[in-house]
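Q: Predicted coordinates and the sequence they were generated for:
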Amino acid sequence: MRHLLFVDDEPHVLTGLKRMLHPFRREWEMEFVGSAPEALDRMSKSQFDVLITDLHMPGMSGVELLQASLERHPSVVRVVLSGTADRDATFPAVGLAHHYLVKPCDSELLRKTLNRVLVTRFMPEGSGLQEFVKSVQSLPSLPTTYQDVLAALKTQDMSIREAGEAISRDVALTAKVLQLVNSAYFGLQRQIRNPIDAVVYLGTEVTFALVLTASVYSQYENKLKGVLQVAELRDHSVAVATLGRQIAKSMGIAAPQLDEVFTGGILHDVGELVLASHSPNEYRNLRASATGGTETGTEAELRIFGATHTEIGAYLLWLWGLPEVTMQIVARHHGPLPPVDDQAYHAIVAVRAAEALLSGTSDDNLDWLGQTAYASSLDEWRTLTEEYLSDRRLAC
């Protein structure tokens, strides 16, 4: 049974939560406390799966509780349930919490969020992934700059100019984003010179996907020298994301999900970074094994780590609270496809096809496509790939 801890200094709020969640009493073991120190005391004595806390509390604040939970109990999922409009409190909380809910919270939204938190889709009991995550102790957090921009988006209506200015406040990040936007992978016909132009040209969601990419990959660039070619992995991911978005558009996928395809494509191999940074020697052996023998990369990951980079990447995005479709793309860009009526099915096909077409290997990589409704689209997608690669060469 899962163990949840609710923290709020207002007794009537706790009473309301108890009443709201009463139907789940046989599925979840729930405790309700009125202060942050009391919560930490309970967490020191019992193992909890989820912490749900208010922010404004006397004495020790919710932000301080979140920070202490991260340091002392990193495996506990952290959820904010707060009615504060104070941006000074909201910004650090968004950075420390996996999920952020605003009071008054609809009962269905609260139940849906907690159910999602407790779903073991990407971390099944007894799996190698669970053991791997335990050994890591704490997975990478969502990059600070991206958290700040995301918090700003959640707390005000941000114009394109304001979005660009938020990025430009971080000089190193600005350089990385402009490097990615102007790289041959986008094949742009004109130079993008500032983050505001990037947002105008690419759109808010795609630009912020690049912000996330630049932030995540920059954390590992120096750390993984000699272990993993981080720049190559990043460039490959940008290419898969860009071509995947074009393929998804040809499939008739609606505009909002096109952005999820791009984000999923750009993060599809993020689990590789976790594997390489956690166990560099084993990762080198894995690459050598996958390159020199009959064993696939996924098979080598399972043998060496007990989990695959797809599982680890999807679990990481789940902790970060990224959209379901994005997680599904990361989780399923290798292996069996979900049912055709799954909301992520078409997006996964687009990203998998883009990766296979960009690999330049034999058609064996695309055998799976014959089992989908898109087998007849292969020639069209090959043409899109050739055009994309041609645009890249011209842009170099």
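A: In hand now; what should we look at?
Q: Which residue lies nearest the spatial centre of the chain?
A: Leu317 (2.7 Å; Cα atoms, centre = their mean).
Q: Helix, strand or coil: sort out it for me.
A: Using DSSP: H, G, I helix; E, B strand; the rest coil, the structure places Leu317 in helix.
Q: which regions of the stretch 101-250 of the chain sit below the pLDDT cut-off?
A: Applying pLDDT under 70 to the stretch 101-250 of the chain flags the ranges 119-159, 170-172, 175, 183-187, 189.
Q: Please, where are all the helices along the stretch 201-350 of the chain?
A: Under the criterion DSSP state H, counting those that start in this stretch, helices of the stretch 201-350 of the chain are mapped to 204-220, 230-250, 255-266, 270-278, 280-292, 297-305, 309-320, 324-332, 345-359.
Q: now those helices in a markdown table, with distance to Lys18?
A: Backbone N, C-alpha and C define where each C-beta goes, glycine included. Formatted as a markdown table, the helices of the stretch 201-350 of the chain follow (distance: least, Cβ to Cβ, whole Å):
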| stretch | distance to Lys18 |
| --- | --- |
| helix 204-220 | 37 |
| helix 230-250 | 44 |
| helix 255-266 | 36 |
| helix 270-278 | 38 |
| helix 280-292 | 47 |
| helix 297-305 | 41 |
| helix 309-320 | 27 |
| helix 324-332 | 29 |
| helix 345-359 | 39 |
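Q: who wins for proximity to Leu17 among the ones you listed?
A: Closest approach to Leu17 among the helices of the stretch 201-350 of the chain (Cβ to Cβ): helix 309-320, 23.0 Å.
Q: what angle separates that closest one from helix 270-278?
A: Between helix 309-320 and helix 270-278, the angle comes out at 100 degrees (axes from the mean of the first three to the mean of the last three Cα atoms, to 10 degrees).
Q: Tell me how far helix 309-320 lies from the chain's centre.
A: Using Cα atoms, centre = their mean, to the nearest Å, the mean C-alpha position of helix 309-320 is found 6 Å from that of the whole chain.
Q: And that helix, what does it pack against?
A: In terms of contacts (3 or more Cβ pairs under 8 Å, 6 or more residues apart in numbering; DSSP states H and E), helix 309-320 is packed against helix 128-136, helix 270-278, helix 324-332.
Q: pLDDT averaged over that helix - what is it?
A: Per-residue pLDDT values across helix 309-320 average out to 81.
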